[in-house]
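> When you get a sec, could you give me coordinates for this:
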Amino acid sequence: MNRTTLGTRIRALAPGLGIALLAAIIAFGVHTLTPSVPALTWAVLLGIVAANVPVTARILSGTAKPGIGFAAKKFMRLGIVLLGLKLSIVDVLNLGWGTLLVIIGIVIITFAGTLLGGKLLRLPGDQPILMAAGFAICGASAIGAMSAATGAKSKDATAPIAMVTLCGTLAIAVLPLAGHLIGLTPVEFGFWVGAGVHDVGQVVATAQTAGASALAIAVLVKLTRVLMLAPMVTATTLVVRARARRNPATATIEERVLPPIVPLFVAGFLLMVALRSVGVVSPTLIDIAGHAQDWLLALALFSLGAGVRIGELRRGGARTALLALGSWILIAVLALAAVEILQPGS
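Coordinates of the predicted model:
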């Protein structure tokens, strides 16, 4: 790319990236005033609001569109790569094989159940698999990763992002009350939250209400679920490739362009996990990368939220909401059953 082309590209991206950056700054600012709601949740909500206010909607679909699209794809992938630095295989293995198998089972059953439910409800396009990834693994970040890996249309991601954000936000208010009524200990509550809440930030916001011990186990269990992102994305791309090969005449244009078996950003995520696990990354660098990841995901999630049109949600709203509610209940019940089986902290 020559200098003239690069300059043109930067000028095209600048308005959208500037708006996304401003939204991220506002999201983190609001988060300081409302610590119970994660900044990334605010970023998605700001994007949804901006997409449905006529004045800002025109800007987002006009001069800002190239930069918004760039942030939604590229920054999401970079953020997921850096997310790998939060994971250490050593910490995960310390949970024990029995606990690991239970967590993996929760992810797989929730994914399969949500995918099947989406098919039965006849949700359009790739919405079922994106909804399954969001609720089973790690919220909007997983939706972005699965969308990027499978070549899903951006419009298919809008409803899943809105639903997983709404349910995760409701969990912050609902689960502490439910945990108290059920009589869970702090460690049991933390395990339940880590195994059943979608986004990492929402897990932190929910679990911290029960103290440090609840927060510690919640984050560890949640990050173990995040580790499932790589195999689930890889397995899905294998299915997409097999389907395109079996039916080349009926495959869509997106399916004919076969995705790599292991997408580059997933390989980067695994590399970061490996580097963290062998201890070659300093705590200072991990901290810096953590802040960078938060900002990248805030920019990306605002941009993804900016694709959500309330009018479009209404058209398939009842079915989408029903699937979201069913998936939320499914993973919450599975996670609570896991608490009863494993009895963490006892």
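> what packs against the helix or strand hosting A145?
If you go by DSSP states H and E, A145 is part of helix 139-150. Packing contacts for helix 139-150, counted by 3 or more Cβ pairs under 8 Å, 6 or more residues apart in numbering; DSSP states H and E, involve helix 76-83, helix 127-133, helix 154-182, helix 200-207, helix 229-246, helix 264-278, helix 283-305. From N, CA and C alone the C-beta is placed, and that goes for glycine too.
> in the biggest helix by length in the chain, what's buried?
Of all the elements of type helix in the chain, the one with the most residues (DSSP state H) is helix 3-33. For helix 3-33, burial by neighbour count (16 or more other Cβ atoms under 10 Å) applies to 13, 15-17, 19-21, 23-24, 26-28, 30-31.
> same for that helix, what does it pack against?
Applying 3+ Cβ pairs under 8 Å, 6+ apart, we find helix 3-33 packed against helix 39-52, helix 54-60, helix 65-70, helix 283-305.
> model confidence over stretch 109-127, on average?
Across stretch 109-127, pLDDT averages out at 92.
> wait, stretch 265-278
Across stretch 265-278, pLDDT averages out at 88.
> now it: how far from the chain's centre is it?
18 Å (Cα atoms, centre = their mean, to the nearest Å).
> Give the buried residues for that stretch.
The neighbour-count check on stretch 265-278 (16+ other Cβ under 10 Å) flags 265-266, 268-270, 272-273, 275-277 as buried.
> pLDDT below threshold where in the stretch 1-150 of the chain?
1-4 (pLDDT under 70).
> One more pass at 50, please.
For the stretch 1-150 of the chain, no stretch is flagged by pLDDT under 50.
> In the stretch 151-300 of the chain, where is pLDDT below threshold?
Applying pLDDT under 50 to the stretch 151-300 of the chain flags residues 253-256.
> Buried residues in the helix or strand harbouring T114, which are they?
Assigned by DSSP H and E, T114 belongs to helix 97-120. Under the neighbour-count criterion of 16+ other Cβ under 10 Å, helix 97-120 has 99, 102-103, 106-107, 110-111, 113-115, 117-118 buried.
> I'd like to check what contacts it. Which residues are they?
Residues external to helix 97-120 that are found in contact with it (Cβ atoms under 8 Å, 6 or more residues apart in numbering): 92-93, 95, 127-129, 131-133, 135-137, 195-196, 221, 224-225, 228, 232, 323, 326-327, 330-331, 334-335, 338, 341-342, 344.
> now do 7 Å
Residues from elsewhere that reach helix 97-120 (Cβ atoms under 7 Å, 6 or more residues apart in numbering): 92, 127-129, 131-132, 135-137, 195, 221, 224-225, 228, 232, 323, 326-327, 330-331, 334-335, 338, 341-342.
> same deal with stretch 194-203?
So stretch 194-203 is contacted by 38-41, 103, 106, 134-135, 138-140, 164, 167-169, 171-172, 193, 206-207, 217-222, 226, 331-332, 335, 338 (Cβ under 7 Å, 6+ apart).
> Touching, F135 and I331? I think so.
Yes - contact status for F135 versus I331: in contact at 6.0 Å, counting by Cβ atoms under 7 Å.
> Between these two, point out the one with more neighbours.
Higher neighbour count among F135 and I331: F135, with 30 against 25, using other Cβ atoms under 10 Å.
> list the contacts for the closest residue to the more buried one other than its chain neighbours?
Excluding the flanking residues, the one nearest F135 by Cβ to Cβ, 6 or more residues apart in numbering is S327, at 4.1 Å. Applying Cβ under 7 Å, 6+ apart to S327 gives the contacts 110, 114, 117, 131, 135.
> next one: L95
L95 touches 220, 224, counting by Cβ under 7 Å, 6+ apart.
> Would you list the phi and psi of it?
Dihedral pair for L95: phi -70, psi -20, per degrees, to the nearest 10.
> what angle sits between the longest helix of the chain and helix 283-305?
100 degrees (axes from the mean of the first three to the mean of the last three Cα atoms, to 10 degrees).
> what's the spacing between helix 3-33 and its chain's center?
Distance, stretch centre to chain centre, for helix 3-33: 21 Å (Cα atoms, centre = their mean).
> any idea how far V226 is from the closest residue to L83 other than its chain neighbours?
The shortest distance from L83 to any non-neighbouring residue, by Cβ to Cβ, 6+ apart, is to Q293 (5.7 Å). From Q293 across to V226, the span is 12 Å (Cβ to Cβ, to the nearest Å).
> Report the set of residues contacting both of those two.
Listed contacts common to Q293 and V226 are L83; contacts here mean Cβ under 7 Å, 6+ apart.
> returning to what we had before: mind listing what's buried along the host helix or strand of the residue nearest to F135?
Using DSSP H and E, S327 sits within helix 317-342. For helix 317-342, a neighbour-count test (16+ other Cβ under 10 Å) marks 319-321, 323-324, 326-328, 330-332, 334-336, 338-339, 342 as buried.
> Ok, stretch 182-194 next?
Buried residues in stretch 182-194, defined by neighbour count with 16+ other Cβ under 10 Å: 184-194.
> okay, now A51: neighbour count?
Neighbours of A51 under the rule other Cβ under 10 Å: 20.
> Got the phi and psi for the closest residue to it other than its chain neighbours?
Counting by Cβ to Cβ, 6+ apart, A51 lies nearest to A306, which is 4.7 Å off, once chain neighbours are set aside. Per-residue torsions, A306: phi -70, psi -10 (degrees, to the nearest 10).
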